[in-house]
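*Asks:* Here is the input, now give the coordinates:
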Amino acid sequence: MKNEVGEVRPGQLVTTYGPGAIMDSVNDSIMVLDINYWSNATDIIYDKRLAEFLRKDYFKKIPDKGKFDLPSIPFPNYHVCSNNKCRRLFDIRENFIMSEYLKKGPTCPDCRYKAYPSRFVVSCSNNHLDDFPWRWWAHGKKPVICNGKLYMTSSGNSSSLDSMGVKCECGAPWQSMKGAMSEKVFEELKCTGNHPHRLNERKNCGVMGIIPLQRGASNVYFPALRSAISMPDKDEELAQFFYSYEQRIREYDEDWGHEGLVKFYNRNLEDSPLFLSLDDFVEKWYKYRDRDKQDINKYEQIKEIEYESLTNFTEYTRKGDFEAEEEEVPTDLKQYFSKIVKVHRLKEILVLLGFMRNESPEPEVRELPNIVWLGGDTKTNWLPAVEVYGEGIFIEFNQEIINQWLKENSIVRKRSLDYQSLYREWVENKGWSNQNNRNAVYVMLHTFSHLLMKQLSHESGYSSTAIKERIYCGNEMAGILIYTGSTDQEGSLGGLVEMGNIPKLRKIIVSALEEAIFCSGDPDCATQEPNEESQLNGAACHACTMLAETSCETGNRLLDRSLVVRVMDSEIKPFFKVEELV
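*Replies:* Residues are numbered from 1 along each chain as shown. Modelled structure (predicted):
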């Protein structure tokens, strides 16, 4: 007899169906349990910089041996009988028989017909999740002690909630589901403090007023993700070596001190290319043993390391899973770009920290007090991750020209200050910590990235949802990386790198800029001012600039065509002079 109840790809488990998310399987809806229950997760992924930033020892691959990889439970617990003559609404945990469930899926305890999961659940501002309070609703929204059978019926007048209702066999009047999605109805109901992914662990929550949700709604689960482009170097290899052998070396060190380290070196490392000598090994071990995992405090530091690897080479480089080739910048583009790189191969480490409900988590920061951390709390020494192999195009902008553009244009400087203050206010209103400066330079880079991604999707064969971006913007950074990859195969199709050949890329860049001059939403789009109502965007909309949110670093915020090209009725001097490139 099979014990599996569904299938999911490793990449989906990190981005969409991680622990805490509701996933539709073949016969039921289920929830993957917390990582504490992942006994089959054994394969290690090691990335020194990302591990230090998140204060973890390492990451683990999603188990994918093919069978019984991840434990899960049915959720919601309440199910509805599919037999129109029955329509029993019941808790599947009552008289649950595992063998029957695995064979047939959920079935009605009365008529044995197939049952399906309830479409309603409830949450709270502390990210708890529980079944809809059916008994409370069925008895006129009053707390009662009643064990009568519940039935979900429909008047048949329409397909709206008004015609659906629940009734108890105790004789309580039939209750319409009208208002079941209104938060006001639940203002006096206290949260149960339930976390289904921890086997329905309940803690005292104390929140009054729960939030009704539909089981398949997107706001039931927002993953908290962090990623880094893997840039292997000798320090990375060294850290991985010490992690692998740490326990053995530590035993030698604690038992015999320096003499123990001499023994370990003589027995195992005399021919190792990682160490020049015994003294070199001892020095590096002490440094590793006494290391401070708080060296990388900001996500921007990870990007700075990536940026250095992408720019600090000439012609060609290959380091582990990173392979890149420099292209000569055309003469007419040198006033805008310092470097163009075709990244033939790259590896992105994508880590799942935890999740939130109802609101998306704060991007790019390490401290996330509002999320539900996997493993129970932030003391867990590992997190689940996937390796994404792919390819890309990196463009470094000419920082001298950017500085000159800002210096010579007072309107651009004013717009830059507007974006800084607007982003700061927006972050403060959400209760986030503002670690990054978002000025006109960032908005210009970000908008250009979106325009280029749109054009590349037309030319490369990849859909726009398959292409992603990384924006490098800071005191010493000004560049974009546009890349694609797959968690389910060792690489990608090569179409994006092919577009990096200068004759093709120049044509794509010019076409992207020309397309951005006019939008079908103009003049409304062109004259839009950045504010919270416009999602911090200036001249930007879905018709011209916005992409799928999975492709964008900031959820389609901080975009403005007027900083990139000349748009109608704009006094802003854009960064690019399209007429000189055509």
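
*Asks:* Would you agree Pro63 is in contact with Ile35?
*Replies:* No: between Pro63 and Ile35 there is no contact under C-beta atoms under 8 Å: 10.6 Å. Where C-beta positions appear, they are placed from N, C-alpha and C, glycine not excepted.

*Asks:* who has more neighbours, those two?
*Replies:* Legend: neighbour count by other C-beta atoms under 10 Å for Pro63 and Ile35, higher for Ile35 (22 against 18).

*Asks:* Would you mind giving the domain segments of the protein?
*Replies:* Under the assignment automatic domain parsing, the domains of the chain span 10-43+60-223, 231-289, 299-350+388-580.

*Asks:* quick one: common contacting residues for Pro63 and Ile35?
*Replies:* The contact sets of Pro63 and Ile35 overlap at Ala41 (C-beta atoms under 8 Å, 6 or more residues apart in numbering).

*Asks:* Mind listing what's buried along stretch 455-466?
*Replies:* Applying a neighbour-count criterion of 16 or more other C-beta atoms under 10 Å, the buried positions in stretch 455-466 are 455-457, 459-460, 462, 464, 466.

*Asks:* List of residues touching it?
*Replies:* Applying C-beta under 8 Å, 6+ apart, the contact partners of stretch 455-466 are 393, 453-454, 467, 482, 484, 493, 495-496, 498-499, 504, 508-509, 511-512, 515, 547-548, 550-551.

*Asks:* Return the strand ranked longest in the chain as PDB; C-alpha atoms alone will do.
*Replies:* In the chain, ranked by residue count with DSSP state E as the criterion, the top strand is strand 337-356. The C-alpha trace of strand 337-356 is given here as PDB (Å, rounded to 0.1, in the frame of the first residue of the first chain):
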ATOM      1  CA  PHE A 337      27.800  50.900 -19.400                       C
ATOM      2  CA  SER A 338      31.200  50.000 -18.100                       C
ATOM      3  CA  LYS A 339      31.000  46.300 -18.500                       C
ATOM      4  CA  ILE A 340      28.800  43.700 -20.100                       C
ATOM      5  CA  VAL A 341      29.200  40.000 -19.000                       C
ATOM      6  CA  LYS A 342      27.600  36.800 -20.300                       C
ATOM      7  CA  VAL A 343      27.200  34.500 -17.300                       C
ATOM      8  CA  HIS A 344      27.300  31.100 -18.900                       C
ATOM      9  CA  ARG A 345      26.700  29.300 -15.600                       C
ATOM     10  CA  LEU A 346      25.700  30.400 -12.100                       C
ATOM     11  CA  LYS A 347      24.200  28.800  -9.000                       C
ATOM     12  CA  GLU A 348      21.700  30.500  -6.800                       C
ATOM     13  CA  ILE A 349      21.100  29.200  -3.300                       C
ATOM     14  CA  LEU A 350      17.400  29.800  -2.400                       C
ATOM     15  CA  VAL A 351      16.700  29.400   1.400                       C
ATOM     16  CA  LEU A 352      13.300  29.200   3.100                       C
ATOM     17  CA  LEU A 353      13.300  30.900   6.500                       C
ATOM     18  CA  GLY A 354       9.700  30.600   7.400                       C
ATOM     19  CA  PHE A 355       6.400  32.300   6.500                       C
ATOM     20  CA  MET A 356       3.800  34.900   7.200                       C
END
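
*Asks:* in its sheet, what does that strand sit against?
*Replies:* In the sheet, strand 337-356 lines up against strand 222-229 (antiparallel), strand 322-327 (antiparallel), strand 372-373 (antiparallel), strand 382-397 (antiparallel) (DSSP bridges).

*Asks:* Show me which of the buried residues of stretch 455-466 is closest to Ser244.
*Replies:* Ser244 has its nearest neighbour among those in Ala466, at 34.4 Å by C-beta to C-beta.

*Asks:* in a strand, that's where Glu469 is, yeah?
*Replies:* Yes: counting by DSSP: H, G, I helix; E, B strand; the rest coil, Glu469 is found in a strand.

*Asks:* List the contacts of it.
*Replies:* Applying C-beta under 8 Å, 6+ apart, the residues near Glu469 are 446, 449-450, 453, 480-483, 551-553.

*Asks:* Which strand residues bridge it?
*Replies:* With DSSP bridges applied, Glu469 shows beta-bridge pairing to Ile482.

*Asks:* And the one 5 residues further on, by the same measure?
*Replies:* For Gly474, the beta-bridge assignment (DSSP bridges) gives partners Met477.

*Asks:* From Lys414, how far out is it?
*Replies:* Gly474 sits 22 Å away from Lys414, going by C-beta to C-beta, to the nearest Å.

*Asks:* Those two: which has the busier surroundings?
*Replies:* Shown here are Gly474 and Lys414; by other C-beta under 10 Å, Gly474 has more neighbours (15 against 12).
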